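S.K.: using only what follows, build the 3D model:
(3 chains)
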Amino acid sequence: MALRRRMIRTEGQGLYEFTREAAAFLEAEDAEEGLLTVFVRHTSCSLLIQENADPSVQRDLKAFFRRLVPPSSDPVMDWIEHRQEGPDDMPAHIKAALTQVSIGIPYSAGRLLIGTWQGLYLFEHRDLPHRREVILHIAG
Amino acid sequence: MALRRRMIRTEGQGLYEFTREAAAFLEAEDAEEGLLTVFVRHTSCSLLIQENADPSVQRDLKAFFRRLVPPSSDPVMDWIEHRQEGPDDMPAHIKAALTQVSIGIPYSAGRLLIGTWQGLYLFEHRDLPHRREVILHIAG
Amino acid sequence: MALRRRMIRTEGQGLYEFTREAAAFLEAEDAEEGLLTVFVRHTSCSLLIQENADPSVQRDLKAFFRRLVPPSSDPVMDWIEHRQEGPDDMPAHIKAALTQVSIGIPYSAGRLLIGTWQGLYLFEHRDLPHRREVILHIAG
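M.R.: Numbering: from 1, shown residues only, chains lettered A, B, ... in the order given. Now for the predicted structure:
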């Protein structure tokens, strides 16, 4: 069992991949077989496993979530109460609720069992730069 | 490794926090470092980690999900087939599908590694009072 | 600790139950108490725990997601960039992002602690037949 805190710097909404950092943690710990749990310690960003081949997939994902949950400055969002932290804040909480705060990924022979096209991402929902803390935990 | 069943009484749609109960379970088990898995045994409520500071965030979350998935009595939901358990039932299943049924949270030095503003909630999607069963499982 | 790869054949969008296969894995391993983690190695299908009693629930779930994320051939989806793999591909990635890629389920006395009405499903989002790989991992 081992635990690592990892900071990820973000610069606006979008997907920030950290698949390699997770794989490097397994290597550093000589992890053989077990479960990696990734947990993000925030409520306005989240985690996502998605295609890491074609960048247009990431642009479309970001666009979809923006259409589903527009900034609270948009007239269709006039029902939003929580506004004091800016027009991107409450939509960020909603997008976080619609995606994941923790993901468990089995590993074997020291390698994450993610698929060929899968990448592990922090999904930032805020506009301004942030430092986000992710916990990596392995049990095996 | 230890397991606990916990009942949560709900009285209508909304978020019911049980962060303290989860922390108390770690304490009671003298848990040091490991993984807490929370699992909800129902398909019309779900789990959510969200901001526990400003109550307006919770009201907005509830409002968003109601707008995204209105009761099946709403004319825009006329395509819903599953109606025999009331107008809030099928929307409840959909909201549960859009959120989480299980969440893994690492802990260290006997404390959950959730962020400062994160709270652990049961998200009730039904209107009538319910008793909901949550499984807390620790491995460490 | 044990690991199994399982292939699930799908034939178009919808829910494919594999609760029994997961339970059979516990039995084969003489698993007593612990955590089962299910992980899907793809980005255009996902995992879901949902009601396994009334089939209309599954039809409504599928219909909801199709309404929320129509095929990219639909005029309302004209903003989609990623189109080279067919009109069902980018919507499949989005639906996968809105549901789960991994689910942790505690078990005790050799049985999954899922609720009476809960079933474990692969949620296929593509139209053509696919072979999908799911990882089952137990630690206990």
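
S.K.: list the residues that contact A:Asp121.
M.R.: You called it Asp, but residue A:121 is Tyr. Counting by C-beta atoms under 8 Å, 6 or more residues apart in numbering or on different chains, A:Tyr121 touches A:Leu15, A:Tyr16, A:Glu17, A:Phe18, A:Leu47, A:Leu48, A:Ile49, A:Gln50. Using the backbone N, CA and C atoms, a C-beta is placed for each residue, glycine as well.

S.K.: now the terminal residues of stretch A:85-92, how far apart.
M.R.: From its first residue to its last, stretch A:85-92 covers 11 Å (C-alpha to C-alpha, to the nearest Å).

S.K.: hmm, it touching chain C?
M.R.: No. Residues of stretch A:85-92 are not located near chain C by C-beta under 8 Å from any C-beta of the partner chain, the shortest gap being 15.2 Å.

S.K.: what pLDDT is listed against A:Gln100?
M.R.: Per-residue pLDDT puts A:Gln100 at 97.

S.K.: quick revisit: closest to A:Arg59 among the contacts of A:Tyr121?
M.R.: Distance to A:Arg59 across the contacts of A:Tyr121 (C-beta to C-beta) is lowest for A:Leu15, with 9.3 Å.

S.K.: break down chain A into its helices, ranges please.
M.R.: Under the criterion DSSP state H, chain A contains helices at A:19-28, A:55-68, A:89-98.

S.K.: list the buried residues of the second one.
M.R.: Residues A:Val57, A:Gln58, A:Arg59, A:Asp60, A:Leu61, A:Lys62, A:Phe64, A:Phe65, A:Arg66, A:Leu68 are the ones in helix A:55-68 that count as buried (16 or more other C-beta atoms under 10 Å in any protein chain shown).

S.K.: of all the helices of chain A, which one comes closest to C:Ile138?
M.R.: Taking C-beta to C-beta, helix A:19-28 is the member of these nearest to C:Ile138, at 19.1 Å.

S.K.: ok now the closest one, how far from the chain's centre?
M.R.: Centroid separation for helix A:19-28 versus its chain: 16 Å, with C-alpha atoms, centre = their mean, to the nearest Å.

S.K.: and what of stretch A:13-30?
M.R.: Distance, stretch centre to chain centre, for stretch A:13-30: 12 Å (C-alpha atoms, centre = their mean).

S.K.: residues touching the residue in chain A that chain B sits nearest to, list them.
M.R.: As assessed by C-beta to the nearest C-beta, chain B sits closest to A:Arg41 within chain A, at 3.4 Å. By C-beta under 8 Å, 6+ apart, the contact list for A:Arg41 reads A:Arg132, A:Glu133, A:Val134, A:Ile135, B:Leu113, B:Ile114, B:Gly115, B:Gln118.

S.K.: now with 7 Å?
M.R.: Taking C-beta atoms under 7 Å, 6 or more residues apart in numbering or on different chains, we find A:Arg41 in contact with A:Glu133, A:Ile135, B:Leu113, B:Ile114, B:Gly115, B:Gln118.

S.K.: what residues does chain A put near chain C?
M.R.: Residues of chain A lying near chain C by C-beta under 7 Å from any C-beta of the partner chain: A:33-35, A:48-51, A:54, A:56-57, A:59-61, A:63-64, A:98-100, A:103-106, A:108, A:113-115, A:117-118, A:139-140.

S.K.: show the buried residues in those.
M.R.: Buried by 16+ other C-beta under 10 Å: A:33-35, A:48-51, A:54, A:57, A:59-61, A:64, A:98-100, A:103-106, A:108, A:113-115, A:117-118, A:139-140, out of these.
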